[in-house]
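1. this is a predicted model, with the sequence first.
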Amino acid sequence: MRSVWALAAMAALSVLTASTTTLAGEPKQGGILRMYHRDSPANASIHEGATYSLNIPFMPVFNNLVIYKQDVAQNSMDSIVPELAESWAWAGDNKTLTFKLRQGVKWHDGKPFTSADVKCTFDMLMGKAQQKFRQNPRKTWYDQVNDVSTNGDFEVSFNLKRPQPSLLALLASGYTPVYPCHVPPAEMRTHPIGTGPFKFVEFKANESIKLTRNPDYWRKGRPYLDGIEFTIIPNRSTAILAFIAGKFDMTFPTEVTIPLVKDVKSQAPNAICEIAPTNVATNIIVNSSSPPFDNVDIRRAMAMALDRKAFISIMFEGQGDVGGTMLPPPNGLWGMPKEMLETIPGYGPDVKANREEAKKLMQKAGYGPDKHLAVKVSTRNIPIYRDPAVILIDQLKNIYIDGEVDVVETANWFPKVARKDYMIGLNLTGNAVDDPDQSFYENYACGSERNYTNYCNKEIEKLFDVQSQETNVEKRKKLVWDIDKKLQEDVARPIIFHSRMGSCWQPYVKGITIMTNSSYNGYRYEDAWLDK
Amino acid sequence: MFAYLVRRLFLMLVTLFGISIVIFFLLRIVPGNIVDILFAAAGYVDPADKANLEKELGIDRPLVVQYWHWISGFLRGDFGYSYVSEKPALQEILPRIPITARLAGLALLFSASIGIPLGVISAVKQGTKLDYALRVVSLSGLSLPSFWLGLLILTASVAMFGQMPIFNPNPQTWLEAFATYAVPAAAVGFRSAALTMRIARSSMLEVLRQDYIRTARAKGASEAAVNYHHALKNAILPVITVIGIEAAFLIGGLIVTETVFNIPGVARYLVEAIRWRDYPIVQNLVMFIAVVVVFANFIVDMLYAVFDPRIRYTD
């Protein structure tokens, strides 16, 4: 009899265990996700900013027409899914992109979402609307859009000047939320209204940002969390210690340096940490409009003197990527293959030989062991800028260039660059979308606001347009590689390395995906949940 | 005494007026303005948009006009808007003042309650092991920067207890409130306590060598009565002076302590506001601090008269 009871108890226990296992894997509703924030963003308006300090806390408030699937780490055309649009279709020789919109969606203030909201968002972005953004850093993204037209309340068309398949990729970025027509842009800076999974509660500058669950979210059953709270802690040591002590469920994404990831793992072994590329390239901006860098030989010599692997090993314990403008594979979709990359002067594996070539170019320009070139390397007063500047100066010594760091406060950095008051600058360029149309036009097209060096090569620009219209991905890739190679050979903005950073969270935090080819697109957090 | 008070008050007003001019123009000398920083956050500069924004914020107007606009508003109680948060400056500043005031008050209390007794004991026990030990403590207090001490405390609490005394904006109990402020107050107050200890010790030693102390002892007064009734009362003046000066200097220590312990007080906010060139916030906050310092000095001077009957303010 006793054995029968024992068997029954074991059977009951196994059923219970099995059901618990199933339940542990299923998302649970509730809880506040607590995260620290690295600094206080300028405002809450994603369209007016260019830093993921702004995207991370405010992306959950919004929806796009389409979005990169939030649980797929690599952003690509194949991972784009509908959000406020239910479907899309190209027509008219690929010059019209039409979206059928979701019906019954409401803004957080209860007003209905319609096609008019989409039109006025993009009219503002293109600078065609009565209401203006105070800043509009991604205006160039829509250069090929003639106009946005509506057909009833739930259909909207983007009419293009020429085919641009990548427009869909740009629309899927976290940088492309749809704004409500009935809320003025100034109000969106202080109290954003969206249709997204979380509603804005408050933003106390230098203190905290709070979001709460949107109970009327159009995607039923989402979000799982009751809210998200960001505590602003600019001091990185304090923030990491607080995470280790369990005050936070998650670190600020892609903000934990490689040495700090080790630190976290040693002090909080249960924490889950992921290291991923950020698609932020550390590069040199060259003032080629005045001596000495108007001399192409000196520009090339400088690029050839770089030991990129040394930068990566000193700064990231070897965890970084060498590439051109586009993020290198396998995480990057458009980066040159290694064999092609190594044919570019300065990218060959024999650094000593590269530097010998560089020395010859310097001698041709009139410099040598007895006559060094004195340069100032301007950079922002932030460690991730200053540290590589120091390494750069050390490396330039090898080719008769004596460098001096010129540390510039953030407030003065862009005005200084804009008035060409520098020789060379150590710069960071974050690419929001791993797509050549974003990177090439934004950073290298004549007249682009973020083309800091005013590099302007009409021939290359024609190639930008050719690749932009190409629908065959393989053909487009080859065109992109050729362009990227030319940009590096032209020393337009020599890329030193592509960085990787860590993100950590407590083991009970589920449904987090760190994007591997962008730091701007993966923060909707509607799939995140707490297994507590 | 009344005439002296009137003169002091007038001088205080002149000082504050001078400070307002210095703050205003120094801030304008710093390269870059809020518009440059906002465009830095947007990653580009567009001259036309920049000019529009400067006009919108009123920072394109002549400096004298800007100064008049600010100071007349300040006197009327209109503190303007924060350029960054676009909220009224007062709404941004006011909730942070009690936080810093509590922290500063607790730090000063820590400084006085630890510094004075230990300084006195050190002087009374001059040359003993206890004196040497206390002198080492005071020297270390003067040598350790508060940010380093703060980080050390945080690291130790996480390593030893898995806990972190991070700021709790809504403490539910007295214990929670104490835990919120006590540790950072100790971190910032340690230096002040050390300084107070040094001054209290040397001041006591000087007084203890005076003839009237010998007289008191000769008359048979107990050691305690000599030390605490005759000596301390006379030795306390320089200590009060130092505590008064420290109250003014404390803001510097609070900036790093508030940053390390992530306390949303005015000191940290001031630094952030300077970083953003948020002129209305910086100007009004510095004026507020100046008013506190000027009045602290005034109160210290008044306390002189209370503690030392020989001091009488006459015109």
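-> Received, thanks.

2. against chain A, how distant is residue B:135?
-> Residue B:135 is 31 Å from chain A, where distance means CB to the nearest CB, to the nearest Å. To be clear about C-beta, it is placed using only N, CA and C from the backbone, and glycine gets the same treatment.

3. what's stretch B:9-20 in contact with?
-> B:71, B:74, B:283, B:286-287, B:290-291, B:294-295, B:298 (CB atoms under 8 Å, 6 or more residues apart in numbering or on different chains).

4. ditto for stretch B:111-129
-> B:130-131, B:134-135, B:137-138, B:189, B:192-205, B:208, B:227-228, B:232, B:235-236, B:239, B:243, B:246.

5. any idea of the pLDDT on residue A:239?
-> Model confidence at residue A:239, given as pLDDT, is 93.

6. may I ask which helix or strand encompasses it?
-> Following DSSP states H and E, one finds residue A:239 within helix A:236-244.

7. show me what the helix or strand following that helix is packed against.
-> Once the chain leaves helix A:236-244, the next helix or strand it forms, by DSSP H and E, is helix A:258-267. In terms of contacts (3 or more CB pairs under 8 Å, 6 or more residues apart in numbering or on different chains; DSSP states H and E), helix A:258-267 is packed against helix A:236-244, strand A:272-286, strand A:495-505.

8. may I see the ChimeraX selection of the buried members of the contacts of stretch B:111-129?
-> Buried residues among the contacts of stretch B:111-129 (16 or more other CB atoms under 10 Å in any protein chain shown), as a ChimeraX selection:
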select /B:131,134,135,137,138,189,192,193,194,195,196,197,198,199,200,201,202,203,204,205,208,227,232,235,236,239,243,246
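
9. got the contact list for whichever residue of the stretch 101-250 of chain B sits closest to chain A?
-> Closest residue of the stretch 101-250 of chain B to chain A, CB to the nearest CB: residue B:164 (3.8 Å). Residues in contact with residue B:164 (CB under 8 Å, 6+ apart) are A:241-242, A:245, A:247, B:154, B:157-158.

10. and with 6 Å instead?
-> A:241-242, A:245, A:247, B:157-158 (CB atoms under 6 Å, 6 or more residues apart in numbering or on different chains).

11. pLDDT score assigned to it?
-> 77.

12. where's the residue lying closest to residue A:473 once chain neighbours are set aside relative to residue A:268, distance?
-> Closest residue in space to residue A:473, ignoring its immediate chain neighbours: residue A:77 at 7.9 Å, by CB to CB, 6 or more residues apart in numbering or on different chains. Distance, residue A:77 to residue A:268, using CB to CB, to the nearest Å: 38 Å.

13. what about those two, which has more around it?
-> Between residue A:77 and residue A:268, residue A:268 has the larger neighbour count (other CB atoms under 10 Å in any protein chain shown), namely 20 against 14.

14. out of the helices and strands packed on helix A:258-267, which comes closest to chain B?
-> With CB to the nearest CB as the yardstick, what comes closest out of the helices and strands packed on helix A:258-267 is helix A:236-244 (5.1 Å).

15. now the strand or helix carrying residue B:213: buried residues?
-> For residue B:213, the host element (DSSP H and E) is helix B:211-218. By neighbour count on 16+ other CB under 10 Å, the buried set for helix B:211-218 is B:213, B:216.

16. identify all contacting residues around it.
-> B:226, B:230-231.

17. what are the phi and psi angles of the spatially closest residue to residue A:112 that is not a sequence neighbour?
-> With sequence-adjacent residues excluded and distances taken as CB to CB, 6+ apart, residue A:112 is closest to residue A:106, at 5.9 Å. Main-chain torsions, residue A:106, degrees, to the nearest 10: phi -120, psi 140.
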